[in-house]
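> need a 3D model of the following:
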Amino acid sequence: MKEFRAIAVQVKCNARDYMTFENFRRKTASLFERIKSLVRKDAPNLVVFPEDYGTPLVIASEKVNVENFRTLKEAMEKTIMRKLPYIFIKSFLLRASLVRSIFLANSEEIFRNYVETFREMAIEYSTYVVAGSITIPRIEINNNEVKLLRENKIFNTSLVFDPSGKIIGVQRKVHLIDIEGPKGLDISSGDLESIKVIETEFAKIGIAICFDAFHNDVVERLVKNDAEILIQPSANPEKWTSAQEEDWKKGCWSMVQKYNELKYGINPMMVGNLFDLSFEGISSIVSKVEKTKDKSGYITKASNPNEEEIVYADLV
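Numbering: from 1, shown residues only. From the prediction side, this is the model:
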């Protein structure tokens with residue numbers, strides 16, 4: 001492993017940022033503009049976004065006027081009713097729920113805009129980027145050509161870009177929370193066997209999307225494949241109390257302490273509101289307790305669980 005700069009982006013989400021694909025591109029570009037002064041010229045840089053940063057792009061694809069809805073449930077129900085015949089037929093043909101069918105029907109457009117936005121940012125700022133995660137079908141990469149597979153499942157998926165804009169890593173979430181299950185977004189679980197470590201010029205990185213970082217089966221597989229850096233893109237839909245903060249340490253923080261092979265952990269958090277769904281959290285970069293100055297295990301962390309913030313550290 002060689003020296004690099006880790007930059008964790010604590011994003012404050014707002015449904016308006018997803019009303020159009022252009023809004024999303026502007027939001028992402030504004031975050032990279034804030035990062036610009038932090039990007040090192042003499043070492044590699046790794047920028048990490050939070051979980052589900054791309055998932056609300058379904059709002060743009062469905063042209064949802066977010067000003068008309070107070071709750072996420074209401075927005076989804078009205079969207080389904082507005083296109084009921086089409087969505088019903090799609091649901092029948094794909095043997096998928098109505099909610100999942102909305103994602104499947106728009107997956108090509110969502111995926112294209114998401115990839116183009118992050119590819120552009122990775123190239124412009126010459127950084128490696130873990131682009132949070134997005135809800136899409138499985139993807140296939142052949143000779144740097146990326147395409148979505150035609151199937152009836154969707155996955156919480158994290159993509160990794162190198163400074164040339166090439167996708168060098170794909171990770172699907174294995175352990176889902178209730179909101180992602182059959183009564184929510186109807187996402188499918190990723191296969192444990194498909195988890196791979198991503199090699200970069202500075203280190204081997206392993207991605208455990210949010211709840212996955214709390215599970216030994218996922219982290220152990222990453223460690224067995226020589227992961228040195230554990231990345232946990234997260235979106236916590238609960239209040240950030242002192243008890244919640246302590247419980248959160250069972251994820252990335254504890255795994256870095258537990259496994260000798262893991263030198264550092266990077267945990268960017270989503271904050272803000274998506275209709276009535278609220279996210280709170282403190283983004284952090286962690287290491288072994290004995291290697292941090294205050295013996296806390298935290299190299300750096302955000303100061304506010306509700307505001308947008310950038311945290312960074314030089315790791316070696």
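
> doesn't residue 129 belong to a strand?
Yes - the assignment for residue 129 is a strand, going by DSSP: H, G, I helix; E, B strand; the rest coil.

> correct me, but it touches residue 47?
Yes - between residue 129 and residue 47 there is a contact under Cβ atoms under 8 Å: 4.9 Å. (Glycine included, C-beta is placed from N, CA and C.)

> the more surrounded of those two?
The neighbour comparison of residue 129 against residue 47 (other Cβ atoms under 10 Å) goes to residue 47, with 27 against 24.

> kindly state the beta-bridge partners for that one.
Assessed by DSSP bridges, residue 47 has beta-bridge partners residue 7, residue 129.

> any idea how far residue 304 is from it?
According to Cβ to Cβ, to the nearest Å, residue 47 and residue 304 sit 20 Å apart.

> same deal with residue 223?
32 Å.

> when these two are compared, which one has more neighbours?
Relative neighbour count places residue 223 above the other of residue 223 and residue 304, with 20 against 13, counting by other Cβ under 10 Å.

> and the more buried one, that one's in a helix?
Yes - when classified by three-state DSSP, residue 223 is found to be part of a helix.

> so residue 268 touches residue 283, yeah?
Yes - using Cβ under 8 Å, residue 268 makes contact with residue 283 at a distance of 4.8 Å.

> where do the contact lists of these two overlap?
8-10, 50 (Cβ atoms under 8 Å, 6 or more residues apart in numbering).

> of the residues you listed, which is the nearest to residue 264?
Lowest distance from residue 264 to those (Cβ to Cβ) belongs to residue 8, with 11.1 Å.

> how about the nearest residue to that closest one once chain neighbours are set aside, what does it touch?
Nearest residue to residue 8, sequence neighbours excluded (Cβ to Cβ, 6 or more residues apart in numbering): residue 268, at 4.1 Å. Contacts for residue 268 (Cβ under 8 Å, 6+ apart) come out as 8-11, 48-50, 132, 233-234, 283.

> with residue 166 instead?
residue 144.

> now do it, the pLDDT please.
pLDDT for residue 166: 95.

> same question for residue 295.
Per the predicted model, pLDDT is 97 at residue 295.

> so, low pLDDT: which residues of the stretch 151-300 of the chain?
Along the stretch 151-300 of the chain, no part satisfies pLDDT under 70.

> that one: strands as residue ranges?
Taking DSSP state E, counting those that start in this stretch to define them, one finds strands in the stretch 151-300 of the chain at 155-161, 167-172, 198-199, 204-207, 229-231, 234-235, 264-267, 269-274, 277-279, 284-287, 298-301.

> check which helices and strands the fifth one sits against.
With contacts taken as 3 or more Cβ pairs under 8 Å, 6 or more residues apart in numbering; DSSP states H and E, strand 229-231 sits against strand 204-207, helix 252-258, strand 264-267.

> got the contact list for the residue lying closest to residue 39 once chain neighbours are set aside?
Once flanking residues are discounted, residue 39 sits nearest to residue 45: 5.1 Å by Cβ to Cβ, 6+ apart. Taking Cβ under 8 Å, 6+ apart, we find residue 45 in contact with 4-5, 7, 38-39, 125-128.

> one more time with 10 Å
4-7, 35, 38-39, 125-129, 163, 202, 312 (Cβ atoms under 10 Å, 6 or more residues apart in numbering).

> go on, residue 247?
214, 238, 241.

> most neighbours among these, which one?
residue 214 (18 neighbours).

> quick check: closest non-adjacent residue to it.
residue 251 (4.8 Å).

> test my guess that the one you found contacts residue 216.
No - proximity of residue 251 to residue 216 does not meet the contact threshold set by Cβ atoms under 10 Å, at 11.4 Å.

> the more surrounded of the two?
Between residue 251 and residue 216, residue 251 has the larger neighbour count (other Cβ under 10 Å), namely 23 against 11.

> and that one, how far from residue 194?
Distance from residue 251 to residue 194, by Cβ to Cβ: 21 Å.
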